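Enquirer: Give the three-dimensional model of this entry:
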Amino acid sequence: MSTYSLPYVPIRQALYSPGELFGQFVEDHPGSFSGTIDFEIYRHFIGTGSASTADPYVAMTRALHDNGITQLRNQFIGDRRVAAIMGGHKMRRDSEDYRNVCLLGRELARGGLLVATGGGPGAMEAGHVGALLSGATDADLGAALDELGKKPELPGMRHVAVAAETGVLVDADLVAKGHEWFAPAWMLAKQWSGGCRSLAVPTWHYGFEPTSPFATDIAKYFQNSIREDGLLEIAQAGIVFTPGKAGTIQEIFQDGAQNYYRSFGQFSPMVFLGVDYWTNRLPVLAVLQALFSPADFARCVRVTDDPMEAARFVIGFE
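Expert: Numbering: from 1, shown residues only. A predicted model of the protein is given here:
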């Protein structure tokens, strides 16, 4: 693979759309999953050293690309109030947690906020489902969840593309499994095209996990650290942390540091969806309560089991 034949434009004029990244996807053709622009860029990413590329030209073009994505992201946001949803990428589509995050995303969008997530599967996908279907009825949302629930669990895709001396090897069996999981989301997203806009901020660092087609606007990065810090930065209306593991905990404490130091001039609300989860299973709240001043913790931090309460707190926060 030539490193100088790039499958991406280093200096873009617009954010990505689902149609651009996945336009080559064909519902009844399993191999089409690996024929999308998104997968082609991921394959190039893997073939040129992943995040630690030693090719200076590739490193330069990635840096140009990511800087441009940040500028385009900021232009897209404009004066919109952004609320982010964080949570586990393994959250099953047929789970109560997934449904609650859909309701959360829908309520935030109905409240006039721009919903943003890391753009991947699980809780991130659920947030975009809710936002896109914010104008839908409960019955419509229920039907969508029933359809998604037929393929509830994300298959293990980490080794779908692996660098080798002969190039990048693609596992056809994993491609087929990824296609099967992605297909209902792709079809539903097309059905509900024209719904409320939302912003996904994914990365090719985790390119083996498909970006959600339910997001209307996609700011996809090569450099994960830039992407992650930027996602927390733009969520000035607040962040709702839904059940997740190590990645979500990292985001909690990164956001906590930004709030503690008022890195962006204010303390943005932090909401934890799942009382038992965040107080007993992964008890991060005790650390935050010890870190923040009593006034900041009382005013800006909430923990609840009710997605509607979580959304109302963020929407009404002043």
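Enquirer: what about the helices in this structure?
Expert: Assigned by DSSP state H, the chain shows helices spanning 18-22, 37-47, 56-77, 96-110, 123-132, 138-148, 172-191, 224-234, 246-260, 275-276, 284-291, 294-300, 307-316.
Enquirer: out of those, which comes closest to Gly31?
Expert: Closest approach to Gly31 among the helices of the chain is made by helix 172-191 (6.5 Å; Cβ to Cβ). Just so you know, the C-beta spots here come from the backbone N, C-alpha and C atoms, and that holds for glycine as well.
Enquirer: Buried residues, stretch 302-317. List them.
Expert: For stretch 302-317, burial by neighbour count (16 or more other Cβ atoms under 10 Å) applies to Arg302, Val303, Thr304, Pro307, Glu309, Ala310, Ala311, Arg312, Phe313, Val314, Ile315, Phe317.
Enquirer: Oh, that last question was meant for stretch 148-155, not what I typed.
Expert: Within stretch 148-155, the residues that count as buried by 16+ other Cβ under 10 Å are Leu148, Lys151, Leu154.
Enquirer: Let me know the closest of these to Gly122.
Expert: Gly122 lies nearest to Leu154 out of the buried residues of stretch 148-155, by Cβ to Cβ, at 7.0 Å.
Enquirer: OK, contacts around the closest one?
Expert: By Cβ atoms under 8 Å, 6 or more residues apart in numbering, the residues touching Leu154 are His89, Lys90, Pro121, Gly122, Trp181, Glu209.
Enquirer: What is the neighbour count of the residue nearest to Lys90 when sequence neighbours are not counted?
Expert: Leaving out its chain neighbours, the residue that sits closest to Lys90 by Cβ to Cβ, 6 or more residues apart in numbering is Gly122, at 5.5 Å. Neighbours of Gly122 under the rule other Cβ atoms under 10 Å: 26.
Enquirer: Correct me if wrong: Gly122 contacts His89.
Expert: Yes. Judged on Cβ atoms under 8 Å, Gly122 makes contact with His89 at a distance of 4.2 Å.
Enquirer: Between these two, which contacts overlap?
Expert: Taking Cβ under 8 Å, 6+ apart as the criterion, Gly122 and His89 both touch Leu154, Gly244.
Enquirer: ok, Ser50 to Lys220 distance?
Expert: Counting by Cβ to Cβ, to the nearest Å, the gap from Ser50 to Lys220 is 15 Å.
Enquirer: ditto for Ser212
Expert: 11 Å.
Enquirer: Between those two, which has more neighbouring residues?
Expert: A direct count of neighbours by other Cβ under 10 Å for Ser212 and Lys220 places Ser212 higher, at 28 against 22.
Enquirer: how about the nearest residue to that one, chain neighbours excluded?
Expert: Glu125 (4.4 Å).
Enquirer: and the one you found, how many residues sit next to it?
Expert: Counted with other Cβ under 10 Å, residues neighbouring Glu125 total 31.
Enquirer: ok, it - contacts?
Expert: Contact partners of Glu125, counting by Cβ under 8 Å, 6+ apart, are Arg93, Ala185, Ser212, Phe214.
Enquirer: and with 7 Å instead?
Expert: With contact taken as Cβ atoms under 7 Å, 6 or more residues apart in numbering, Glu125 is in contact with Ala185, Ser212, Phe214.
Enquirer: Now do the contacts for the first one.
Expert: Same thing as Ala185. Counting by Cβ under 7 Å, 6+ apart, Ala185 makes contact with Glu125, Leu148, Ser212, Pro213, Phe214.
Enquirer: change it to 10 Å
Expert: 18, 22, 93, 121, 125, 128-129, 144, 147-148, 151, 210, 212-214 (Cβ atoms under 10 Å, 6 or more residues apart in numbering).
Enquirer: Now, of those residues, which are buried?
Expert: Of the contacts of Ala185, these count as buried by 16+ other Cβ under 10 Å: 18, 22, 93, 121, 125, 128-129, 144, 148, 151, 210, 212-214.
Enquirer: May I have the phi/psi pair for Ser212?
Expert: Phi and psi for Ser212, reported as degrees, to the nearest 10, are phi -70, psi 130.
Enquirer: Could you double-check that it lies in contact with Val129?
Expert: Yes. Counting by Cβ atoms under 10 Å, Ser212 touches Val129, with 8.1 Å between them.
Enquirer: which regions of this structure sit below the pLDDT cut-off?
Expert: Within the chain, the ranges that satisfy pLDDT under 70 run 1-3.
Enquirer: coming back round to it: wait, the residue nearest to Lys90 sits on Gly244?
Expert: Yes. With contact defined as Cβ under 10 Å, Gly122 reaches Gly244; the gap is 8.0 Å.
Enquirer: got any residues that touch both of the two?
Expert: Shared contacts of Gly122 and Gly244 (Cβ under 10 Å, 6+ apart): Gly87, Gly88, His89, Lys90, Met91, Asp97.
Enquirer: if we can go back for a sec, nearest to Met60 among the contacts of Glu125?
Expert: Closest to Met60, out of all of these and judged by Cβ to Cβ, is Ser212, at 29.3 Å.
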